[in-house]
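Peer 1: With the input below, show me the fold.
(one chain, ligands or ions: 1)
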Amino acid sequence: MRASLPQAIDLDTVREATQKYSTLQRAIHYTRFGTWYMMKTDDSEDIDLSELTAIKAVRDELTVHSDNILLRNHRIVLPKGLRQRAIDITHEGHQGVAKTKSFTRTKVWFPGMDGMIEEAVKNCASCQTLTPEFRSVEPYKMSELPSGPWENISIDFCGPLPSSDYLFVMVDEYSRYPIVEIVKSVSARSTIPVLDKVISTFGLPKTVKSDNGSPFQSYEFKQFAENMGFVHRRITPRWPRANAQAESFNKPLMKAIRSAHINQQNWKQEMYKFLRQYRATPHTSTGQTPYRLLFNREPRTKLPQTSEKSVELVLDEIVRTRDSEAKRVMKQYGDQRNRAMIRGNKLHPVYDTNPRRVSDKKGSMVTVDDSVTCNASSFKKISDHVRSDLMDKVMLKFEDEDLKWPESKLPESSMRNPIDASPKQCVSVSPKDKATPSVTLSPKTPVVRRSGRERKQPVRLKDFVL
Ligand SMILES: [Zn+2]
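Peer 2: Down below sits the predicted model:
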């Protein structure tokens with residue numbers, strides 16, 4: 001067994017080692033230029049041809065990362081110099097062959113990886129001493145997967161340890177995320193505060209499952225469950241394996257601690273090392289890491305990875321989109337309310353208060369002051385008692401683009417002044433009365449709109465003074 005702690009591998013280390021390994025350099029070259037066919041004629045002495053052939057077999061999955069690192073899908077193809085170190089890392093905590101392979105596969109790949117892992121575990125003294133010859137069968141009664149994480153948890157005790165401590169083990173049945181707390185005794189009095197602490201961190205589960213151990217039969221525990229509002233389900237002694245979740249975890253946990261004991265290592269540190277690995281290893285049942293299923297993201301591990309965002313990206317995008325959408329709606333609501341208040345204060349009238357004289361009407365089109373023809377809906381007839389003479393007088397409606405809401409949902413081309421979009425609605429006609437001054441209308445200083453565009457004077461108003 002390697003006594004020294006294997007150091008984490010970062011991307012710089014991978015880059016440097018890749019640079020020194022000519023076989024991988026050649027693979028990068030072939031991948032980059034799509035020239036794997038040239039391998040046949042490659043007889044350079046510094047190239048390991050069997051290795052190159054194994055890499056070629058997966059060439060459809062290969063890409064070259066911008067850092068000049070070869071990737072097989074999202075996994076880094078490790079150069080020879082780093083492979084043993086990677087396995088030392090992934091076998092920390094002494095998970096078995098399957099789990100060690102599974103954990104290694106989360107981040108890296110290289111030819112002959114599985115065989116190398118099998119060999120490493122076979123040669124690991126701790127694993128040899130502590131693993132029984134025959135494989136223990138998977139527990140036969142597995143409970144149904146809860147609908148989400150942290151709804152049902154199993155609790156159990158391990159120990160006593162040589163230090164006379166006990167381990168209070170809690171496993172989430174959905175994510176298989178384990179939590180281990182060191183306790184001095186198995187009494188309800190020492191158990192409840194620990195459960196309290198865990199609940200405060202992860203929230204209240206719906207159901208807590210345990211065996212019939214004495215702390216779980218106590219009145220205090222019953223009171224605690226009632227008070228907190230979770231169902232305490234006790235497994236009958238006739239079928240102790242029904243509490244399989246916690247028990248199947250306890251074995252490798254105790255193996256890690258025993259290994260620490262044999263090797264005179266700090267058992268707590270070794271236990272946390274094991275927990276770190278276990279939580280980051282895809283679980284056989286779910287195919288996902290417990291960590292991901294509980295926290296919705298992958299943890300960073302001692303193995304290198306190219307993009308730390310790769311897994312979180314989708315989730316992050318969702319969060320980001322939701323966040324910006326919520327802010328947008330809030331802003332629109334605020335803006336609309338502000339405008340409503342301004343209008344309510346008569347700072348923004350709906351109609352131009354300067355009355356226009358109707359000079360012509362054709363169907364729905366109305367001409368005012370012999371100069372502007374608009375659809376009738378753009379005018380408001382001034383009511384009879386306001387009229388000073390017998391001629392029809394109207395007020396011209398301000399185009400209220402601000403009410404075209406929500407603006408950001410419209411494509412850019414339609415985000416302009418609504419009047420520009422419907423030029424046929426209003427047309428200017430040459431004023432018959434040349435005495436009517438034709439002036440550029442206010443505002444003279446262009447108003448910068450939210451979209452950053454200048455506010456244009458509607459064409460139909462160009463002959464008016466507002
Ligand atoms: Zn081992």
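
Peer 1: Show me which residues of this structure sit near the ion.
Peer 2: Residues of the chain lying close to the ion (CB under 5 Å from the ion) are H94, C124, S126, C127. To be clear about C-beta, it is placed using only N, CA and C from the backbone, and glycine gets the same treatment.

Peer 1: Out of those, which is nearest to K251?
Peer 2: Nearest to K251 among the residues of the chain next to the ion is H94, at 11.4 Å by CB to CB.

Peer 1: which stretch of helix or strand covers whichever residue of the stretch 201-350 of the chain sits closest to the ion?
Peer 2: When distances are taken as CB to the ion, the stretch 201-350 of the chain reaches nearest to the ion at S259, 6.8 Å away. When elements are assigned from DSSP states H and E, S259 belongs to helix 244-262.

Peer 1: For the protein, give me the ranges with low pLDDT.
Peer 2: Under the criterion of pLDDT under 70, the regions of the chain flagged as low confidence span 1-4, 132-143, 236-247, 307-324, 326-327, 330-331, 333-353, 382-466.

Peer 1: isn't Q288 right up against R279?
Peer 2: No: taking CB atoms under 8 Å as the definition, Q288 is not a contact partner of R279, at 11.2 Å.

Peer 1: Between those two, point out the one with more neighbours.
Peer 2: Looking at Q288 and R279 with other CB atoms under 10 Å, you find the greater number of neighbours at R279, namely 21 against 14.

Peer 1: thought the more buried one was touching P290?
Peer 2: Yes: the pair formed by R279 and P290 meets the contact definition of CB under 8 Å, at 5.0 Å.

Peer 1: shared neighbours, the two?
Peer 2: Common neighbours of R279 and P290 are listed as Y177, P178 (criterion: CB atoms under 8 Å, 6 or more residues apart in numbering).

Peer 1: Who's the closest spatial neighbour of K80, skipping the chain neighbours?
Peer 2: Spatial nearest neighbour of K80, excluding adjacent residues (CB to CB, 6 or more residues apart in numbering): Y21 at 5.7 Å.

Peer 1: Ok, I76 next?
Peer 2: Looking at I76 with CB to CB, 6+ apart, the closest residue is V108, at 5.0 Å.

Peer 1: quick one, what contacts the one you found?
Peer 2: Applying CB under 8 Å, 6+ apart, we find V108 in contact with R75, I76, V77, L78, A86, L303, P304.

Peer 1: Kindly recompute the last result at 6 Å.
Peer 2: In this structure, V108 makes contact with R75, I76, L78, A86, L303, judged by CB atoms under 6 Å, 6 or more residues apart in numbering.

Peer 1: Kindly report the same for F202.
Peer 2: When contacts are counted by CB under 6 Å, 6+ apart, F202 touches W150.

Peer 1: Also the one 3 residues further on?
Peer 2: Shown in contact with P205 (CB under 6 Å, 6+ apart): W150, E151, I153, F230.

Peer 1: ok, so of those, who is nearest the ion?
Peer 2: Using CB to the ion, the shortest approach to the ion within the contacts of P205 belongs to I153, at 28.4 Å.

Peer 1: could you measure that closest one against K251, distance?
Peer 2: The gap separating I153 from K251 is 18 Å, by CB to CB, to the nearest Å.

Peer 1: Of the two, which one has the most company?
Peer 2: Neighbours around I153 and K251, counted as other CB under 10 Å, are more numerous at I153. The numbers are 28 against 15.

Peer 1: is it true that the more buried one lies in a strand?
Peer 2: Yes: going by DSSP: H, G, I helix; E, B strand; the rest coil, the assignment for I153 places it inside a strand.

Peer 1: and it, what is it in contact with?
Peer 2: For I153, the residues meeting the contact criterion (CB under 6 Å, 6+ apart) are M170, D172, P205, V208.

Peer 1: I'd like to know the beta-bridge partner residues of it.
Peer 2: When assigned by DSSP bridges, I153 has beta-bridge partners D172, V208.

Peer 1: same check, this time on the one 4 residues further on
Peer 2: The residues listed as beta-bridge partners of F157 by DSSP bridges are F168.

Peer 1: tally of neighbours for it?
Peer 2: F157 sits with 20 neighbouring residues when counted by other CB under 10 Å.

Peer 1: That one and M170: what is the separation?
Peer 2: From F157 over to M170 (counting by CB to CB), the distance is 11 Å.

Peer 1: Same check on R85?
Peer 2: Following CB to CB, the distance that separates R85 from M170 is 33 Å.

Peer 1: coming back round to it: now do the helix holding S259 against strand 152-158, angle only.
Peer 2: Orientation of helix 244-262 against strand 152-158 (axes from the mean of the first three to the mean of the last three CA atoms, to 10 degrees) gives an angle of 40 degrees.

Peer 1: which secondary structure elements does helix 244-262 contact?
Peer 2: Applying 3 or more CB pairs under 6 Å, 6 or more residues apart in numbering; DSSP states H and E, we find helix 244-262 packed against helix 125-130, strand 152-158, strand 166-172, helix 267-279.

Peer 1: Throw the ones you listed into CSV and include distance to K380, thanks.
Peer 2: Formatted as CSV, the helices and strands packed on helix 244-262 follow (distance: least, CB to CB, whole Å):
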stretch, distance to K380
helix 125-130, 88
strand 152-158, 66
strand 166-172, 66
helix 267-279, 69
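
Peer 1: Determine which of the ones you listed approaches Q217 most closely.
Peer 2: When the helices and strands packed on helix 244-262 are compared for distance to Q217 using CB to CB, the nearest one is strand 152-158, at 13.2 Å.

Peer 1: Tabulate the CA atom coordinates of that closest one in CSV.
Peer 2: Included here for strand 152-158 are C-alpha records, laid out as CSV according to Å, rounded to 0.1, in the frame of the first residue of the first chain:
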residue,chain,number,x,y,z
ASN,A,152,-36.7,9.1,3.5
ILE,A,153,-33.6,8.5,5.5
SER,A,154,-32.3,5.3,7.1
ILE,A,155,-30.5,5.6,10.4
ASP,A,156,-28.2,3.1,12.1
PHE,A,157,-25.3,2.7,14.4
CYS,A,158,-21.9,1.2,13.9
